[in-house]
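Visitor: no sequence on this one, just coordinates:
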């Protein structure tokens, strides 16, 4: 982001940017930057906290009044709790996932479909609340999960009949993670923290297990684009400890 | 509270290992008072209306987000999986504060909100590779009479 600011400014546009990694911003010296102590992915701090978001935006905009730069200022406050209270790292998911008979454990289609059905009411609530913003694959969640199940169960089978099956696979992974995040954060009461959402998805859900199972299949895939997607766009660094070799 | 020291070691090492050399020169463009400025958002969150093409890895292109966009239509196709999406899933303003910007315009704290905002995919390219895109965006922003671009990463 520092580079974007530098080049926009070089071409005549005044800029002020949020910094999430202070050390990197300090090194690159963009024209105006406001470092904020918030999680990656939340540059304005807390969802549904409009007063706080407005204060962050005001602090950012105030940098335009500075007479000279580069400017790197620190936002003083941590992100406050949202309207449902402090986020929790100890997510206790009240969704009862079906316990599959042992002989069906490898049946990814069944596991994923049953899990999706159990979470569907929460996702519907997210939609009613005006969010649930997954949709980059242009597939329904049922179709997306079927693509994922096929890929894992059939050792790397890509969706047939699509112009860009590898990219569809990548977008399926994005939509599945997004759909689950929308569902779990729609539940009433304190919201799970970003860490809790990630640990729940990757550690406790069949969809997370399917993505983990798909990871080595991606890396060994005959299609170089699938291999590249596996290397760079599949598994968060912070979740690699869940791989079997760890 | 989340600071770099709070991140897992593997994420911390990755972020600090990025090449972050200062770019040549220190451009700093002045403008009118804030209450007279026209403000646009430039985000590297990989956001776009759902009908626009998804971002790809190493994608240095941009997507246009109209100022009258229905925020419920925005999707995120950022190529990195190493940041939280659950905040965006709950409230787009935690990533793309268009509602907050409109409020500040209505209150007279800024002059106006731009007709268009822009999104990039903030991963997969080296700093110098984004220069042609930034030059093109600067032209578009100037045509919209924007004199304040707020830059929002994820």
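Guide: Looks like it came in fine. Only a predicted model underlies this, so the values are computations on that prediction, with no experimental measurement involved.
Visitor: so the closest residue to residue B:63 other than its chain neighbours: helix, strand or coil?
Guide: Among residues not flanking residue B:63 along the chain, residue B:48 sits closest, at 3.8 Å (C-beta to C-beta, 6 or more residues apart in numbering or on different chains). All C-beta spots, glycine's among them, are computed from the backbone N, C-alpha and C. Secondary structure, DSSP: H, G, I helix; E, B strand; the rest coil: residue B:48 is strand.
Visitor: mind listing what residue B:48 touches?
Guide: B:54, B:55, B:63, B:65, B:74, B:75, B:77, B:119 (C-beta atoms under 8 Å, 6 or more residues apart in numbering or on different chains).
Visitor: pLDDT value on the last one, please?
Guide: Meaning residue B:119. On pLDDT, residue B:119 comes in at 97.
Visitor: hmm, back to that, what's the most distant pair in the contacts of residue B:48?
Guide: Between any two of the contacts of residue B:48, the greatest separation by C-beta to C-beta is 14.4 Å, found for B:54 and B:65.
Visitor: and the lowest-mean-pLDDT helix or strand in chain B with chain A, contact?
Guide: Across the helices and strands of chain B, mean pLDDT, DSSP states H and E gives its lowest value to helix B:9-16, namely a mean of 82. Yes: counting by C-beta under 8 Å from any C-beta of the partner chain, contacts between helix B:9-16 and chain A involve B:10, B:11, B:14, B:15, B:16.
Visitor: near the third one, how many other residues are there?
Guide: Neighbours of residue B:14 under the rule other C-beta atoms under 10 Å in any protein chain shown: 14.
Visitor: check the second one too.
Guide: One way to gauge burial is a neighbour count; for residue B:11, by other C-beta under 10 Å, it gives 17.
Visitor: need the outlier residue of chain A, farthest from its centre.
Guide: Relative to the centre of chain A, the most outlying C-alpha is that of residue A:67, 37.9 Å out, by C-alpha atoms, centre = their mean.
Visitor: which strand residues bridge the residue nearest to residue B:63?
Guide: Per DSSP bridges, the residues bridged to residue B:48 are residue B:75.
Visitor: distance of it relative to residue B:87?
Guide: If you measure residue B:48 against residue B:87 using C-beta to C-beta, to the nearest Å, the figure is 18 Å.
Visitor: hmm, who's touching the least confident helix or strand of chain B?
Guide: Counting by C-beta under 8 Å, 6+ apart, residues outside helix B:9-16 touching it are A:21, A:23, A:24, A:237, A:238, A:240, B:4, B:5, B:7, B:82.
Visitor: again, 7 Å this time
Guide: Residues from elsewhere that reach helix B:9-16 (C-beta atoms under 7 Å, 6 or more residues apart in numbering or on different chains): A:21, A:23, A:24, A:237, A:238, B:4, B:82.
Visitor: run a quick neighbour tally on the residue lying closest to the last one once chain neighbours are set aside.
Guide: Closest residue to residue B:82 apart from its sequence neighbours, by C-beta to C-beta, 6+ apart: residue A:236 at 5.0 Å. Residues near residue A:236, counting by other C-beta under 10 Å, number 19.
Visitor: model confidence for residue A:236, exactly?
Guide: In this model, residue A:236 is scored at 95, pLDDT.
Visitor: just for chain B, where's the confidence low?
Guide: Applying pLDDT under 70 to chain B flags residues B:1-2.
Visitor: at 90 instead, please
Guide: For chain B, the stretches with pLDDT under 90 are B:1-24, B:50-52, B:56-58, B:70-73, B:79-80, B:82, B:122-128.
Visitor: with residue B:27 as the reference, measure out to the most centrally placed residue in it.
Guide: In chain B, the residue lying closest to the centroid (C-alpha atoms, centre = their mean) is residue B:43, at 1.1 Å. Counting by C-beta to C-beta, the gap from residue B:43 to residue B:27 is 21 Å.
Visitor: and what of residue B:116?
Guide: Using C-beta to C-beta, we find residue B:116 at a distance of 23 Å from residue B:27.
Visitor: tell me which of those two has more neighbours.
Guide: The neighbour count for residue B:116 versus residue B:27, taken as other C-beta under 10 Å, is higher for residue B:27 (21 against 18).
Visitor: can you give me the strands for the chain?
Guide: With no chain named, the answer covers chain A. Assigned by DSSP state E, chain A shows strands spanning A:15-19, A:32-35, A:71-74.
Visitor: that answer is for a different chain, and I need it for chain B
Guide: B:38-43, B:47-49, B:63-66, B:74-76, B:112-113, B:116-119, B:148-152.
Visitor: can I get those in JSON lines including distance to residue A:113?
Guide: Below are the strands of chain B laid out as JSON lines (distance: least, C-beta to C-beta, whole Å):
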{"stretch": "strand B:38-43", "distance to residue A:113": "35"}
{"stretch": "strand B:47-49", "distance to residue A:113": "30"}
{"stretch": "strand B:63-66", "distance to residue A:113": "33"}
{"stretch": "strand B:74-76", "distance to residue A:113": "24"}
{"stretch": "strand B:112-113", "distance to residue A:113": "44"}
{"stretch": "strand B:116-119", "distance to residue A:113": "34"}
{"stretch": "strand B:148-152", "distance to residue A:113": "37"}
